[in-house]
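fold the following, please.
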Amino acid sequence: MKFSQPLIPGRLVRRYKRFFADVTLEDGTEVTAHCANTGAMTGIKEPGLKVWLSRSDNPKRKLKYTWELVEAEGTIIGALPNTANALAEEAVNAGVIAELAGHDSLRREVKYGENSRIDLLLESAGRPPCWVEVKNVHWQRGPGIAEFPDGVTSRGAKHLGELAAQVVAGDRAVQLFIVQRSDCHTLRPAEDIDPVYAATLREAAAAGVEVLAYACHVTTDGIAVTTPMTVELGV
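Numbers count the residues shown, from 1 in each chain. Okay, here's the model as predicted:
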């Protein structure tokens with residue numbers, strides 16, 4: 001995924017009210033950018049961090065800038081959760097995610113479960129449908145160890161239950177973690193942050209839901225899914 005135009009560097013002043021981030025640009029100008037990440041953003045929202053913004057010339061937008069990237073712990077990290085879905089689609093279509101290669105069609109946001117929409121539905125003649133739920137990961141607590149979630153996610157646990165139900169129905173189901181940073185080789189559930197999610201992830205895996213994690217190469221030019229990661233589900 002390439003950015004359509006050069007990103008604008010700056011320093012984070014503060015992130016507030018979930019959707020707003022004040023940023024000081026290199027020329028000293030302070031702007032308010034849209035923060036399209038409603039999560040906790042643990043480790044990537046501290047004042048003073050270097051960030052990169054995209055700019056829109058759409059006259060209907062109230063905020064011209066969008067927060068795209070952040071540098072923390074010496075690594076450039078993708079800041080937008082929704083980008084993970086686009087990255088996953090691009091990677092599947094390109095055959096980068098070997099476990100999900102070889103399907104005839106890919107559809108997004110297909111209704112399933114209890115008032116949910118699956119991120120990716122892969123289909124082929126003569127093969128069971130493959131339901132893929134994508135989760136974005138940005139948080140690292142130990143060297144090389146990415147963790148999810150960084151806040152309690154009852155919605156994430158609900159999705160795991162729905163994936164398990166698809167397996168019971170005879171389909172294939174995958175929980176895919178897209179880690180928008182390049183310095184991690186292992187993914188673990190954050191047991192202390194959301195023990196219910198961690199337990200539900202293990203239960204889903206035991207029921208036949210496949211758990212995959214892929215790292216990304218992140219630069220100010222673009223983001224691309226690159227390599228598979230080890231998944232450690234814990235006890």
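
alpha carbons only for contacts and neighbour counts from here, please
Will do.

may I have the beta-bridge partners of the spatially most central residue of the chain?
Closest to where the C-alpha atoms of the chain average out (Cα atoms, centre = their mean) is Asn136, at 1.6 Å. Under DSSP bridges, the beta-bridge partners of Asn136 are Ile178.

kindly report the domain assignment for the chain.
The domain map for the chain lists 8-72, 81-231, with the assignment taken from automatic domain parsing.

do I have it right that Val110 meets Cys130?
No - Val110 is beyond contact range of Cys130, at 11.8 Å (criterion: Cα atoms under 8 Å).

who's more crowded, these two?
Cys130 (21 against 12; other Cα atoms under 10 Å).

do a quick rundown of the helices in this protein.
81-94, 154-168, 195-206 (DSSP state H).

out of these, the one nearest Ala224 is which?
helix 81-94 (6.6 Å; Cα to Cα).

contact partners of that closest one?
By Cα atoms under 8 Å, 6 or more residues apart in numbering, the list of residues contacting helix 81-94 from outside reads 1, 36-37, 97, 100-101, 106, 119-120, 134-137, 178, 180, 223-225.

restricted to buried residues, select the residues you listed in ChimeraX.
Those of these that count as buried under 16 or more other Cα atoms under 10 Å are selected in ChimeraX with:
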select :36,37,97,119,120,134,135,136,137,178,180,223,224,225
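
so of the contacts of helix 81-94, which ones are in strands?
When the contacts of helix 81-94 are checked against strands (DSSP state E), the matches are 106, 119-120, 134-137, 178, 223-225.

which of those residues sits closest to Asp192?
Closest approach between those and Asp192, by Cα to Cα: Val137, at 16.3 Å.

now the closest one: closest residue in space, sequence neighbours ignored.
Nearest residue to Val137, sequence neighbours excluded (Cα to Cα, 6 or more residues apart in numbering): Val179, at 4.5 Å.

ditto for Val152
In space, Val152 is closest to Asp194, 5.1 Å off (Cα to Cα, 6+ apart).

give me the number of residues near the one you found?
A count of nearby residues for Asp194, using other Cα under 10 Å, gives 18.

that one contacts Arg155, correct?
No - in this structure, Asp194 is not within contact of Arg155 by Cα under 8 Å, at 11.8 Å.

related to what we said a few turns ago, adding mean pLDDT, write the helices of the chain out as TSV.
Putting those into TSV (pLDDT from 0 to 100) gives the following:
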stretch	mean pLDDT
helix 81-94	96
helix 154-168	96
helix 195-206	98
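
got TSV for these, with mean neighbour count and distance to Arg188 too?
Formatted as TSV, these follow (neighbours: other Cα atoms under 10 Å; distance: least, Cα to Cα, whole Å):
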stretch	mean neighbour count	distance to Arg188
helix 81-94	19	18
helix 154-168	19	15
helix 195-206	18	9
